[in-house]
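Trainee: Give me a model of this one.
(one chain, ligands or ions: 2)
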Amino acid sequence: MAAVDGGEVDHLAGERATAHFDVDAMKVAWAGSRHAVEVNDRMARLVASDPVFRKDTRTMLSRKELFKDTLKKAAHAWKRIVELRLTEEEANLLRLYVDQPGYVDLHWGMFVPAIKGQGTEEQQKKWVPMAYKFQIIGCYAQTELGHGSNVQGLETTATFDPNTDEFVVHSPTLTSSKWWPGGLGKASTHAVVYARLITQGKDYGIHGFIVQLRSLDDHSPLPGITLGDIGGKFGSGAYNSMDNGVLRFDHVRIPRDQMLMRLSQVTREGKYVHSDVPKQLLYGTMVYVRQTIVADASKALSRAVCIAVRYSAIRKQFGSQAGGPETQVLNYKTQQSRLFPLLASAYAYRFVGEWLKWLYTDVMQKLEAKDYSTLPEAHACTAGLKSVTTSATADAIEECRKLCGGHGYLNSSGLPELFAVYVPACTYEGDNVVLLLQVARFLMKTVSQLASGKQPVGTTAYMGNIQYLMQCKSAVNTAGDWLNPAAIKEVFEARALRMAVNCAQNISKAPSQEEGFSELSPDLLESAVAHVQLIIVTKFFEKLQQDIIGHGVKEQLQNLCNIYALFLLHKHLGDFLSTGCITPKQGALANEQLGRLYAQVRPNAVALVDAFDYTDHYLSSVLGRYDGDVYPALYAEAWKDPLNETVIPDGYQEHLRPLLKQQLKFSRL
Ligand SMILES: CCCCCCCC/C=C\CCCCCCCCCCCC(=O)SCCNC(=O)CCNC(=O)[C@H](O)C(C)(C)COP(=O)(O)OP(=O)(O)OC[C@H]1O[C@@H](n2cnc3c(N)ncnc32)[C@H](O)[C@@H]1OP(=O)(O)O
Ligand SMILES: Cc1cc2nc3c(=O)[nH]c(=O)nc-3n(C[C@H](O)[C@H](O)[C@H](O)COP(=O)(O)OP(=O)(O)OC[C@H]3O[C@@H](n4cnc5c(N)ncnc54)[C@H](O)[C@@H]3O)c2cc1C
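Mentor: Residues are numbered from 1 along each chain as shown. Ligands and ions are numbered 1, 2, ... in the order given. Prediction:
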């Protein structure tokens, strides 16, 4: 089963023939199961074969055309989902392969989960079926013009009026205008709005409310509501398909039962009652979405890497003195040392994403049983992994563009749009720095509890081994010793723990914990990154302990895992040296081993990206075509540009001709 929807000739056949492993079995390892490969493949082909889902001219559309095209695709996708009676799994994949950000992402991704997570059973019974049938369209309206990261600082108010049994939702200032919610600008009929709950004269902080925004008859804004789109965003095409919006309330009344009341309630009399649950559950939708964003990171990264690997195998430069063929750029060691760590990262993020999904499900089950003990761990893992994987992926997409040379800068390479769509992931659903500081807080708390003898669990369990990890010295003697998982794990654990302990010690010297935390925050960020990287490396090793079937698959994954870990070690050598975890000589040996691993990946590189099983439609890149027939495609693509619709450009008569025909007026000339 090959993801070909390109031409007849396979220019990459030679590359595919050198692979040392079973690509179909690797597809299963990547997708998670044979079933997952099958359903992904079926949905990807369904989308690729449907002309409504074409996206090759997307970057040439005006904002209005692009938005209308998004509405058309969303409606058509829904029609196909209903006609074909797709399951939820199939429907999610269909949306993924349509590959155009739009209001449906927020409807399914945040509005519905917010009601399910924070609504009472009664509220769920009322609202969820309407949302599932698209009788209403919802968005998630939390961020304001003046406040995004600081959720507790939001200004919108929802004041209870006991006379009418209603809440009055109001935007008291310009900065309290809701600003950014996706789907809000033009599509949504409803929103989950986060506002300060005020009752009996007291402010009880941020709570969620379901508010209708537009008429279900003619889509016009309801009285007291001002709505619009916040304007064009970075890049052509890209996230401009999304109607991120602005929303102001002028004393808008909603029934009391539209406050999401699972966590806390307001009685008919206006009494505030908080259930016996942690108030952080209010942030549950964000935890859910952060977890999905980690899975999305491996998708975006693997797409970029697939394009760069295939094109690097086709592209030739230099190398022949005697008129023979030039060298494939993929053979240059520099190209390999920039590209193969990204290939390894795509696999690493895929597996850690799979694990995070498991963790999230596990935590949810515990919450149902009123066990809240794993909530801090879930928050730290989702926040940390969201931050590290999205930052690295955004950088990696840009690196892949550079790896494709000049052609990578063309829209037809697919990379500029992928980058523009992807970079906001570093900001939305929690700015990456703000989220890493949350991880750092969690780490500092864990370190401080070590002294009291409390044994850390889960992803911080390694910290319990403090006596050993604070003084151990790596035993690596040869480059080959770095292939031992225990050697790698030990230095990653020691680095993460020593950085955290150093921070904790320095904070304790400050006049107050708060001041120390603030002063040390740049170091705390690095400490959080070290901890998160340890999680990713550990989860990759754990994946290798599982039953992995297929000729050569495990060996390839072992190579990629070692590349991922040793690349990080090389990149953050300063951390490992300054904390005394390794010597400079051991650092050099790690680098030597990396070079050997790159050589082993080289003959397998194209097959390793084939295992992602992406159709040409999904990749939407002339450089990443499955058949490698890059040059005719690039050439043909250029002629499709609107500028080439006429031989003589618009504007020639007004601006070029007069210039070219002007009389020389300057005496000097
Ligand atoms: C048939 C069906 C077919 C369907 C087909 C389609 C299906 C589609 C499905 C899925 C699609 C998914 C698509 C997703 C698309 C994504 C698009 C982009 C969306 C972007 C949306 C947004 O951006 S929404 C806005 C996000 N905003 C933020 O993230 C704000 C960030 N800020 C915060 O989270 C908080 O303010 C803060 C954590 C930074 C600080 O909070 P606070 O001031 O309250 O806390 P403290 O720092 O004082 O901490 C107190 C205490 O609480 C702990 N804590 C904090 N957060 C959490 C948490 N989330 N969970 C648990 N605990 C938390 C913190 O650690 C502290 O604990 P202590 O023990 O007291 O130390
Ligand atoms: C494409 C896109 C889609 C979005 N969709 C939605 C949506 O559907 N619904 C919704 O409600 N919101 C949405 N948002 C808003 C998004 O969640 C916020 O922009 C995000 O949480 C960051 O908050 P901010 O804009 O307030 O950044 P700020 O917090 O103002 O960040 C500015 C800078 O300050 C730094 N900073 C802030 N606080 C600290 C601190 N304590 N310590 C150190 N540095 C700090 C940050 O690192 C950053 O460098 C979206 C945003 C984007 C870009």
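Trainee: Please count neighbours and contacts with C-alpha atoms only from this point.
Mentor: OK.
Trainee: quick one, strands of the stretch 1-150 of the chain?
Mentor: Ranges of strands within the stretch 1-150 of the chain are 138-141, based on DSSP state E, counting those that start in this stretch.
Trainee: near ligand 1, which residues of it show up?
Mentor: By Cα under 6 Å from any ligand atom, the residues of the stretch 1-150 of the chain that approach ligand 1 are 88, 91-92, 95, 105-106, 108-109, 142-143, 148-150.
Trainee: Tell me if stretch 80-100 is near ligand 2.
Mentor: No - on the criterion Cα under 6 Å from any ligand atom, stretch 80-100 is out of touch with ligand 2, staying 13.1 Å away.
Trainee: Now that stretch: average pLDDT?
Mentor: Here stretch 80-100 scores 97 as its mean pLDDT.
Trainee: Just the terminal-to-terminal distance for that stretch.
Mentor: 16 Å (Cα to Cα, to the nearest Å).
Trainee: do stretch 176-185 as well
Mentor: The first residue of stretch 176-185 is 16 Å away from its last residue (Cα to Cα).
Trainee: what's the burial count for residue 61?
Mentor: Residues lying near residue 61 (other Cα atoms under 10 Å) number 14.
Trainee: To clarify, my last question referred to residue 324.
Mentor: Neighbours of residue 324 under the rule other Cα under 10 Å: 8.
Trainee: Name the SS class of it, please.
Mentor: Secondary structure, DSSP: H, G, I helix; E, B strand; the rest coil: residue 324 is coil.
Trainee: Now do it against ligand 2, distance only.
Mentor: According to Cα to the nearest ligand atom, to the nearest Å, residue 324 and ligand 2 sit 49 Å apart.
Trainee: Local confidence estimate at that residue?
Mentor: pLDDT recorded at residue 324 is 82.
Trainee: repeat for residue 4
Mentor: On pLDDT, residue 4 comes in at 40.
Trainee: cool, and residue 368?
Mentor: Looking at residue 368, the pLDDT reads 88.
Trainee: what does residue 56 give?
Mentor: Residue 56 carries a pLDDT value of 88.
Trainee: Show the contacting residues for the closest residue to it other than its chain neighbours.
Mentor: Nearest non-adjacent residue to residue 56, counting by Cα to Cα, 6 or more residues apart in numbering: residue 620, 7.0 Å away. Contact analysis of residue 620 by Cα atoms under 8 Å, 6 or more residues apart in numbering lists 55-56, 412-414.
Trainee: Pick out whichever of those residues sits closest to ligand 2.
Mentor: The closest of those to ligand 2 turns out to be residue 414 (Cα to the nearest ligand atom; 19.0 Å).
Trainee: Now do the contacts for residue 526.
Mentor: residue 499.
Trainee: what does residue 643 give?
Mentor: Taking Cα under 8 Å, 6+ apart, we find residue 643 in contact with residue 649.
Trainee: cool, and residue 398?
Mentor: Listed by Cα under 8 Å, 6+ apart, the contact partners of residue 398 are 415, 419.
Trainee: Need the per-residue pLDDT for the residue nearest to residue 56.
Mentor: Residue 620 carries a pLDDT score of 96 in this model.
Trainee: Distance-wise, check the nearest residue to residue 491 once chain neighbours are set aside relative to residue 571.
Mentor: Nearest non-adjacent residue to residue 491, counting by Cα to Cα, 6+ apart: residue 581, 5.8 Å away. According to Cα to Cα, residue 581 and residue 571 sit 15 Å apart.
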